[in-house]
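Trainee: Sequence below, structure please.
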Amino acid sequence: MFTAPRLSAALLPALPGAVRRPGYDRAALRTGIVHLGLGAFHRAHQAVYTEDRLEAGERDWAISGLSLRSPAVRNALAPQDGLYTVLTRAPGGDEARIVGSVTEALTVPEQPELALRRMAAPATRIIGLTVTEKAYCRDAGGALDEAHPDIRADLTGEGFPRSVPGLLAAALRARADSGAGAVTLMTCDNLPDNGGTLARVLARFVALRDPGLAGWMADHVRCPATMVDRIVPATTEAEREAVVALGYADAWPVVAEPFSQWVVEDRFAAGRPRWEEAGALLVAEVQAFELMKLRCLNGAHSSLAYLGALAGIATVSEAMAEPLLAAFLQRLWTRDILPTLPPVPGIDLPGYTAELEERFRNPAIRHRLLQIAMDGSQKLPQRLLRPAAERLAQGAVPRAIAVAVAAWMGFLLGGDEAGGSHVIDDPMGARLADVARAAGRDADALSAALFALPEIFEPALATHAGFRAAVRDSLALLLRDGVRPALRAALA
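Mentor: Here you go, the predicted model:
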């Protein structure tokens, strides 16, 4: 399978000098962080900040990574002693770094009791999460979805927990019973007020399943809010081949842009690494940074994803090479997004969006639009629909957002202008596909049917005549004339 020696601790001394590798004794590390969701983003972001602190001499913060579903990451990393490569890609070339902060990779369905022991261990002081928006099992209002099948199963108390709230509650109960001490639950997912959201969902689950735990949690658990930012595309065979060209094989490297940002509410229950010395911002309040990123970066990404995918474009950088799409993003930011943002400490917002444009244009990062387009029903409300509602409250119809929402509606039909097709990868995918199939390419019928979904559209937005008309008219243009003519009309 591998045409070069497989990455491992024993191989590190033989790696080429150009490959940066851990300079500390990994055998001397102690596990202080258990992280749920051992995907590419965590390994290119929080694990790298932690790696920098291990390099600086901190020894209590090695990471035990828990995959919640598939054993694929565990199977890739375990033979490599947890080591993996981060390929940082800039237009001028790649930089390769071996990261050693993840010292263990487990798969929860296959190793449930071991995973729970790691979460409940006294040495574990932080439990991190990058599990995607849908794993929090929220309803349309952001509260715990008590009808969710995994939540219903976990509330019975039978079998090992299936949901993230259920797993966390079981771990906290084990900590309380054993006297393991305080712990911080640190979510790094793209949710509004992600720490507060996690705390509310978990508190409701505990109230239903284990109300006696609530008092212990109040004294021993903290859920700080965070904002994370780094573009981390899905790994392809091209990245694996790039590593082989360096002289070794890595079953699952990750690729990332040079830029990285992490803003963390400095509210921890039992200590933390000195991440601020690795470049993170530890602050009293994250909300302004979070809104900036969710709306400027994620909102622009979603807009590019649906418009670009409809036009048959594959990646973000290819979409930015289309002048109409680049001009559309400028319109989106200046007229619809920036007016909804409060001041952000230390940030010039027009300068921030200019930096975003430069990042999006990086041709070395092949960030697939279909990857960004996943889970639109979960992402659109926070990225585009809430700023749309705020612009309406300010007395302006957010016409650029209306175009992006129309593109999402057209995307649900499953095809593009080049004759290609795509799957609707979304927790509501089957329902959305049924709605789109029934309405077909009738813009009036399709927009009306989708506006009627309260899980996605709040009533004030769904019933606003001006916004509905702007979306419907944009959708009609997209379906009749195509993406580029619709953009020209929007920019006129």
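Trainee: May I ask you to confirm that Leu68 is in contact with Val131?
Mentor: Yes: A contact is recorded between Leu68 and Val131 when judged using C-beta atoms under 8 Å, the distance being 6.4 Å. Using the backbone N, CA and C atoms, a C-beta is placed for each residue, glycine as well.
Trainee: okay, and the common contacts of the two?
Mentor: Leu36, Gly37, Val164 (C-beta atoms under 8 Å, 6 or more residues apart in numbering).
Trainee: Neighbour-wise, give me the winner out of those residues.
Mentor: The most neighbours of any of these, using other C-beta atoms under 10 Å, belong to Val164, which has 26 neighbours.
Trainee: can you list the domains in the chain?
Mentor: The chain is divided into the following domains under automatic domain parsing: 12-283, 287-491.
Trainee: which residues of the stretch 51-200 of the chain fall in helices?
Mentor: Taking DSSP state H, counting those that start in this stretch as the criterion, the stretch 51-200 of the chain carries its helices at 72-77, 112-120, 149-155, 164-178, 194-209.
Trainee: Please state the offset of the longest one from the chain centre?
Mentor: Centroid displacement of helix 194-209 relative to its chain, using C-alpha atoms, centre = their mean, to the nearest Å, is 20 Å.
Trainee: How about residues contacting it?
Mentor: Applying C-beta under 8 Å, 6+ apart, the external contacts of helix 194-209 come out as 129, 136-138, 142-144, 146, 151, 154-155, 157, 165-166, 168-169, 172, 185-188, 191, 213-214, 217, 223-226, 265, 267, 286, 290.
Trainee: how about that helix as CSV, C-alpha atoms only?
Mentor: Backbone C-alpha positions of helix 194-209 (Å, rounded to 0.1, in the frame of the first residue of the first chain) are rendered in CSV as follows:
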residue,chain,number,x,y,z
ASN,A,194,-21.1,28.0,21.0
GLY,A,195,-20.2,27.7,24.7
GLY,A,196,-23.6,28.9,25.8
THR,A,197,-25.3,26.7,23.3
LEU,A,198,-23.5,23.6,24.6
ALA,A,199,-24.2,24.6,28.2
ARG,A,200,-28.0,25.0,27.5
VAL,A,201,-28.4,21.8,25.5
LEU,A,202,-26.4,19.8,28.1
ALA,A,203,-28.3,21.3,31.0
ARG,A,204,-31.6,20.4,29.5
PHE,A,205,-30.5,16.8,28.8
VAL,A,206,-29.2,16.5,32.4
ALA,A,207,-32.5,17.9,33.8
LEU,A,208,-34.4,15.2,31.9
ARG,A,209,-32.0,12.3,32.4
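Trainee: Just the buried positions in it, please.
Mentor: Residues of helix 194-209 classed as buried by neighbour count (16 or more other C-beta atoms under 10 Å): 194-206, 209.
Trainee: go on, the first one?
Mentor: Along helix 72-77, the positions that meet the burial threshold by neighbour count (16+ other C-beta under 10 Å) are Val73, Arg74, Ala76, Leu77.
Trainee: ok, which pair from these is furthest apart?
Mentor: Between any two of the buried residues of helix 72-77, the greatest separation by C-beta to C-beta is 7.3 Å, found for Arg74 and Ala76.
Trainee: before we move on, the earlier item: export the helices of the stretch 51-200 of the chain as JSON lines, with columns for distance to Gly415 and mean pLDDT.
Mentor: Putting the helices of the stretch 51-200 of the chain into JSON lines (distance: least, C-beta to C-beta, whole Å; pLDDT from 0 to 100) gives the following:
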{"stretch": "helix 72-77", "distance to Gly415": "30", "mean pLDDT": "96"}
{"stretch": "helix 112-120", "distance to Gly415": "41", "mean pLDDT": "97"}
{"stretch": "helix 149-155", "distance to Gly415": "31", "mean pLDDT": "97"}
{"stretch": "helix 164-178", "distance to Gly415": "34", "mean pLDDT": "98"}
{"stretch": "helix 194-209", "distance to Gly415": "34", "mean pLDDT": "97"}
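Trainee: Any idea which of those helices gets closest to Ala44?
Mentor: Minimum separation from Ala44 across those (C-beta to C-beta) falls at helix 72-77, 13.0 Å.
Trainee: what's the closest one in contact with?
Mentor: For helix 72-77, the external contacting residues (C-beta under 8 Å, 6+ apart) are Leu38, Gly39, Gly65, Ser67, Leu83, Tyr84, Val102, Ala105, Leu106, Thr107, Ala251, Trp252.
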